[in-house]
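**Q** Give the three-dimensional model of this entry:
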Amino acid sequence: MLPLTTHTLEKLELLLKTGGYKVRYEKGNFKTGACLLQNSKVIVVNRFSNTESRIQALVELSRELEIDHGQLDEKQIAFLHQLKQTNLQL
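**A** Numbering: from 1, shown residues only. The predicted model follows:
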């Protein structure tokens, strides 16, 4: 199980950044905790969401995104593999 801590959130942000995505925290009207801007590599996370919601939103997006493994180190590849196999339970 993935711990729902700020450290996990930072690891997710670094994973996405290294994979070529930009993570921004902004005010939004979207119902989910985050969204991917169409035709770009920008992820917008609702800044009013709590840590658990932010982690859940980023994990869901990480599972769907095509992240280039060539840019990631071994630990990040293992973390991404873990994300794709982990079910979050809040």
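**Q** only C-alpha atoms for contact and neighbour calcs from this point on.
**A** OK.
**Q** So which residues of this structure form helices?
**A** 6-18, 51-64, 74-85 (DSSP state H).
**Q** Show me which helix or strand of the protein is least confident by mean pLDDT.
**A** strand 34-36 (a mean of 79; mean pLDDT, DSSP states H and E).
**Q** What is it packed up against?
**A** Counting contacts by 3 or more C-alpha pairs under 8 Å, 6 or more residues apart in numbering; DSSP states H and E, strand 34-36 packs against strand 42-46, helix 51-64.
**Q** List of residues touching that strand?
**A** Around strand 34-36, the neighbours that count as contacts under C-alpha atoms under 8 Å, 6 or more residues apart in numbering are 42-46, 54, 57-58, 61.
**Q** Tell me the strands beside that strand, with direction?
**A** According to DSSP bridges, strand 34-36 forms sheet pairs with strand 42-46 (antiparallel).
**Q** Give the rounded mean pLDDT of the strand it pairs with.
**A** Mean per-residue pLDDT for strand 42-46: 91.
**Q** Direction-wise, compare that strand with helix 6-18 and give the angle.
**A** 160 degrees (axes from the mean of the first three to the mean of the last three C-alpha atoms, to 10 degrees).
**Q** let's have the chain start at 35 instead
**A** Taking 35 as the first residue, the last one we looked at is strand 76-80.
**Q** Can you tell me the closest non-neighbouring residue to D102?
**A** G53 (5.8 Å; C-alpha to C-alpha, 6 or more residues apart in numbering).
**Q** I'd like the distance between the one you found and N63.
**A** Distance of G53 to N63, computed by C-alpha to C-alpha, to the nearest Å: 26 Å.
**Q** Give me the more crowded residue out of those two.
**A** G53 (19 against 8; other C-alpha atoms under 10 Å).
**Q** list the contacts for that one?
**A** Applying C-alpha under 8 Å, 6+ apart, the residues near G53 are 101-103, 105-106.
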